[in-house]
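Asks: With the input below, show me the fold.
(chains A and B)
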2 protein chains.
Amino acid sequence: MAKNLAPDSTRRSEKSRRAIYDAALALVGEVGYPRTTIEGIAARAGVGKQTIYRWWSSKAEVLMEAFLDLGEQASRDAGHEPYAIPDTGDLAADLKTVLRATVDELKNPRFEVPSRALAAEGVVNEELGRKFVAKMLEPSLQLYVTRLRAAQETGEVRPDLDPRIALELFVSPLAQRWLQYSGPISHEYTDTLVDYALYGLAPR
Amino acid sequence: MAKNLAPDSTRRSEKSRRAIYDAALALVGEVGYPRTTIEGIAARAGVGKQTIYRWWSSKAEVLMEAFLDLGEQASRDAGHEPYAIPDTGDLAADLKTVLRATVDELKNPRFEVPSRALAAEGVVNEELGRKFVAKMLEPSLQLYVTRLRAAQETGEVRPDLDPRIALELFVSPLAQRWLQYSGPISHEYTDTLVDYALYGLAPR
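Replies: Numbering: from 1, shown residues only, chains lettered A, B, ... in the order given. Okay, the predicted model is just below:
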């Protein structure tokens, strides 16, 4: 095992880091963002406050990294690479695959509870909201931009469209249903979004 | 003035009701939903707690009605009827008109601050989120359903589409940008959403 080749101090650090992530995610899910503190995370993780301050400058930083790590784990658990949208040459199929995986992730309580706590705070706390977007949401949306640009080159998407806006036609409906409980989410639903977005509401 | 024909008790009630709405909206914007109380609203409105309990059973009820009233006022201030989407026979133009008005409303601080407080709570409080959707969001989305059904009858929208999902292609991107600070909102942006949704991302 590669793990056993790591020096003791690296293994200890890795273990503390994981404990801190788990504590931060659990705490924010339970008490919300405003009442989550570095002290509370440290106590729950069984580490000293200084251990946290050695690596991160604020609770926002700890939480963002904990989320990024959680997203990577979720992708690997689902059997696909994090930070990639497949390109099989069939845009509709590729988008459906990724959105189905996103539905599964959004329904996973391990992801859902802390994500809601952070998203809720971002709605009323513009600074945190913008950090959350810059570090977490926008990088994942840029993967769609890349995939849509490739589709523009092969002629599957109109060349005059702005891909950063185009992706919102299928990503944002899912986000709104999840965030606001405004409708059920399922694979069938996201498949429908992709078809409506690609072929349009007006008759062809 | 019609107002002067109202009996004194009705005028007094109307004035109290307005003061309670204003107090509820101001308070939730300042301290957030969890720390907003019936007592706090009463004190700020200069009425007794019992006056509030005579009309409403909970702070959630007061806030929802205050929001509905605010939305109606905003529509009238903008010079159009609340709860209606125009039908000029040109679907794209009608949707653009309504979405432009929505952009203006979302940017109005009087509407924005309390709306964010309530929306944020709805993200982490499923019961409140679902009430908010049932009383406020869904009725306004149903106006789009009605307009899209009319467009299906005139052949502007494909007859096989589910209008309740179709509307999300242009409504949800605006909602997500506003809620999550994930991008700027403008009339040009919502016009683009309508065009992309109606004509689709794939070449025709």
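Asks: Can you tell me the element A:Ala19 falls in?
Replies: Under the criterion of DSSP states H and E, A:Ala19 resides in helix A:8-31.
Asks: Look up the closest residue to A:Arg17, ignoring the ones flanking it.
Replies: Beyond its immediate neighbours in the sequence, the residue positioned closest to A:Arg17 (C-beta to C-beta, 6 or more residues apart in numbering or on different chains) is A:Trp55, lying 7.3 Å away. (Glycine included, C-beta is placed from N, CA and C.)
Asks: burial count for that neighbour?
Replies: The tally of other residues near A:Trp55 (other C-beta atoms under 10 Å in any protein chain shown) stands at 13.
Asks: Contact partners for the spatially most central residue of chain A?
Replies: Among the residues of chain A, A:Gly71 comes closest to the average C-alpha position under C-alpha atoms, centre = their mean, at 5.4 Å. Shown in contact with A:Gly71 (C-beta atoms under 8 Å, 6 or more residues apart in numbering or on different chains): A:Pro82, A:Glu105, A:Phe111, A:Met136, A:Ser140.
Asks: Buried residues in the helix holding A:Ala19, which are they?
Replies: Residues A:16-17, A:19-29 are the ones in helix A:8-31 that count as buried (16 or more other C-beta atoms under 10 Å in any protein chain shown).
Asks: can you check stretch A:139-158 too?
Replies: Of the residues in stretch A:139-158, those buried by neighbour count under the rule 16+ other C-beta under 10 Å are A:Leu141, A:Tyr144, A:Val145, A:Arg147, A:Leu148, A:Ala150, A:Ala151, A:Gln152, A:Glu156, A:Val157, A:Arg158.
Asks: Let me know whether the first one touches A:Leu167 as I believe.
Replies: Read that as A:Leu141. Yes: in terms of C-beta atoms under 8 Å, A:Leu141 counts as a neighbour of A:Leu167; the distance is 6.1 Å.
Asks: and A:Gly159, what are its phi and psi?
Replies: Not quite, residue A:159 is Pro, not Gly. Comment: the main-chain dihedrals of A:Pro159 come out as phi -70, psi -20, following degrees, to the nearest 10.
Asks: ok, the one residue in chain A that gets nearest to chain B - how many residues close by?
Replies: In chain A, the residue found nearest to chain B is A:Gly200; the distance is 2.6 Å by C-beta to the nearest C-beta. Using other C-beta under 10 Å, A:Gly200 is surrounded by 24 other residues.
Asks: Who are the contact partners of it?
Replies: Counted by C-beta under 8 Å, 6+ apart, A:Gly200 has contacts B:Ala197, B:Leu198, B:Tyr199, B:Gly200, B:Leu201, B:Ala202, B:Arg204.
Asks: Now the buried members of those.
Replies: Among these, the ones that count as buried (16+ other C-beta under 10 Å) are B:Ala197, B:Leu198, B:Tyr199, B:Gly200, B:Leu201, B:Ala202.
Asks: any idea where the helices of chain A begin and end?
Replies: Secondary structure of chain A by DSSP state H: the helices cover A:8-31, A:38-45, A:49-55, A:59-77, A:91-106, A:109-124, A:126-132, A:138-154, A:163-166, A:168-180, A:187-199.
Asks: Now mean pLDDT and distance to B:Ala42 too, for the ones you listed, in JSON lines please.
Replies: Formatted as JSON lines, the entries for these read as follows, by pLDDT from 0 to 100; distance: least, C-beta to C-beta, whole Å:
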{"stretch": "helix A:8-31", "mean pLDDT": "87", "distance to B:Ala42": "28"}
{"stretch": "helix A:38-45", "mean pLDDT": "96", "distance to B:Ala42": "34"}
{"stretch": "helix A:49-55", "mean pLDDT": "92", "distance to B:Ala42": "42"}
{"stretch": "helix A:59-77", "mean pLDDT": "86", "distance to B:Ala42": "35"}
{"stretch": "helix A:91-106", "mean pLDDT": "94", "distance to B:Ala42": "39"}
{"stretch": "helix A:109-124", "mean pLDDT": "89", "distance to B:Ala42": "24"}
{"stretch": "helix A:126-132", "mean pLDDT": "92", "distance to B:Ala42": "30"}
{"stretch": "helix A:138-154", "mean pLDDT": "96", "distance to B:Ala42": "43"}
{"stretch": "helix A:163-166", "mean pLDDT": "98", "distance to B:Ala42": "46"}
{"stretch": "helix A:168-180", "mean pLDDT": "97", "distance to B:Ala42": "29"}
{"stretch": "helix A:187-199", "mean pLDDT": "98", "distance to B:Ala42": "43"}
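Asks: got those as JSON lines, with distance to B:Gly40 columns?
Replies: Supplementary listing: the helices of chain A in JSON lines, determined by distance: least, C-beta to C-beta, whole Å:
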{"stretch": "helix A:8-31", "distance to B:Gly40": "22"}
{"stretch": "helix A:38-45", "distance to B:Gly40": "27"}
{"stretch": "helix A:49-55", "distance to B:Gly40": "35"}
{"stretch": "helix A:59-77", "distance to B:Gly40": "28"}
{"stretch": "helix A:91-106", "distance to B:Gly40": "35"}
{"stretch": "helix A:109-124", "distance to B:Gly40": "18"}
{"stretch": "helix A:126-132", "distance to B:Gly40": "24"}
{"stretch": "helix A:138-154", "distance to B:Gly40": "38"}
{"stretch": "helix A:163-166", "distance to B:Gly40": "42"}
{"stretch": "helix A:168-180", "distance to B:Gly40": "26"}
{"stretch": "helix A:187-199", "distance to B:Gly40": "40"}
